[in-house]
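Asker: predicted model and sequence follow; I will ask about them next.
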Amino acid sequence: MQLVHDLKLAAMRVLEKAPDSIGSVSSVNTTERIIVPTFDDGPTPTRTEAVLRALADHDATGTFFVLLTSVRANPGLLQEVVAAGHEIGLHGMDHRHLPTLSRDEAGDVIRRGKAELEDALGMPVQWFRPPHGDQSVETWRLIREAGMTSVIWSGTSHDWNPDATQDQRVEKATANLDPGTILLFHDGHAGPADLGDPVPEPALDRYELLDRVLRIAEARGLRAVSLSRALENGTPVMRPHFNLHPRHLASAVRRG
Ligand SMILES: [Zn+2]
């Protein structure tokens, strides 16, 4: 087991030296005073509407990584998100951990998810955020082969964490709010119906959380825009992001 462990560590070190070739977008290198809020697992009633209200109140845009399970249940909400000027990326057909699937099955759900979402939108989908942030080199490559780029994050609001208070969420989301930060939020809650883990949904006011974070950002001269808008005057920061060992999956804190 020690040898396997050493080999995996060596592989990680090689990967970390080649971030441009095997990286995922983790933030944006920019001189603009912008941040990129992102929203996973939607669109869903109430939650997505709360997020849309907060973004509108701050004249902000964001990038929504949608689940096809949510899109099928709420097609009108998807169109509302688009009509409000936000960007849509793919989070998946469902919320399974991609590295636990066979190569064929993972490739199939990534490709079919992209095709179904593009049909619903009538436009190409460029970005993919892996469920739970779980990614192997193989699933990273499948995302690339499907014509998308993997996107992770550089800051999180902990809105997935039932143990965090709202004050702690605001504090965590704004602690390292630099220009180009990609911030993780959720406008849905993936559960068994999405083939996700049976984890409890935190009780939180998603409007209030986003409103407070955006107020603090604005006080620092930072405004919120979608990822593609941020990249108009910036370049993606690519970082290797892999969970190579099943142990990482078993112990991973739920996120993404
Ligand atoms: Zn998710």
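Answerer: Right, received. Where do you want to start?
Asker: ok, the residue most central in space within the chain - contacts?
Answerer: Residue closest to the average C-alpha location in the chain (Cα atoms, centre = their mean): residue 129, at 4.7 Å. When contacts are counted by Cβ atoms under 8 Å, 6 or more residues apart in numbering, residue 129 touches 38, 40, 65, 89-91, 150-152, 256. Just so you know, the C-beta spots here come from the backbone N, C-alpha and C atoms, and that holds for glycine as well.
Asker: can you give me the strands for the stretch 101-250 of the chain?
Answerer: Secondary structure of the stretch 101-250 of the chain, counting by DSSP state E, counting those that start in this stretch: strands at 127-128, 149-150, 155-156, 182-186, 223-224, 234-239.
Asker: other SSEs contacting the fifth one?
Answerer: The contact analysis (3 or more Cβ pairs under 8 Å, 6 or more residues apart in numbering; DSSP states H and E) places strand 223-224 against strand 34-40, helix 206-219.
Asker: hang on, the earlier thing: model confidence for the spatially closest residue to the residue nearest to the centre of the chain that is not a sequence neighbour, exactly?
Answerer: If you skip the residues right next to it in sequence, residue 129 has residue 65 as its closest partner in space, 4.1 Å away by Cβ to Cβ, 6 or more residues apart in numbering. Reading off the per-residue confidence, residue 65 sits at a pLDDT of 98.
Asker: re earlier: tell me which of the strands of the stretch 101-250 of the chain lies nearest to the ion.
Answerer: Using Cβ to the ion as the measure, strand 182-186 is the one of the strands of the stretch 101-250 of the chain that comes nearest the ion, at 6.8 Å.
Asker: can I get that closest one as CSV, trimmed to CA atoms?
Answerer: Coordinates of the C-alpha atoms in strand 182-186 are reproduced here as CSV (Å, rounded to 0.1, in the frame of the first residue of the first chain):
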residue,chain,number,x,y,z
ILE,A,182,-14.6,32.3,-8.3
LEU,A,183,-17.1,31.9,-5.5
LEU,A,184,-19.2,28.8,-4.9
PHE,A,185,-22.9,29.0,-4.0
HIS,A,186,-25.9,26.7,-4.6
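Asker: I'd like the mean pLDDT over that strand, please.
Answerer: Across strand 182-186, pLDDT averages out at 98.
Asker: what about that strand, distance to the chain center?
Answerer: Counting by Cα atoms, centre = their mean, to the nearest Å, strand 182-186 is centred 6 Å from the centre of its parent chain.
Asker: same check on stretch 149-158?
Answerer: Here stretch 149-158 is found 5 Å from its chain centre; the criterion is Cα atoms, centre = their mean.
Asker: that one and the ion, are they touching?
Answerer: No - between stretch 149-158 and the ion, judged by Cβ under 5 Å from the ion, nothing touches; the nearest distance is 11.4 Å.
Asker: pull up the distance across stretch 182-192, start to finish.
Answerer: End-to-end distance for stretch 182-192: 27 Å, by Cα to Cα, to the nearest Å.
Asker: pull out the buried positions in that stretch.
Answerer: Counting neighbours by 16 or more other Cβ atoms under 10 Å, one finds that the buried residues in stretch 182-192 are 182-191.
Asker: the longest helix in this protein is where?
Answerer: The helix that spans the most residues within the chain, counting by DSSP state H, is helix 103-121.
Asker: is that one positioned near the ion?
Answerer: No - under the criterion of Cβ under 5 Å from the ion, the ion is not reached by helix 103-121; the shortest gap measures 13.0 Å.
Asker: per-residue confidence averaged over that helix?
Answerer: Here the average pLDDT along helix 103-121 is 98.
Asker: use 13 as the first number for this chain going forward.
Answerer: Shifting the count to begin at 13 puts that one at helix 115-133.
Asker: which residues sit against that helix?
Answerer: Outside of helix 115-133, the residues that reach it under the criterion Cβ under 8 Å, 6+ apart are 78, 80, 83, 87, 90, 94, 100, 102, 104-106, 108, 110-111, 113, 136-137, 140, 150-151, 154-155, 157-160.
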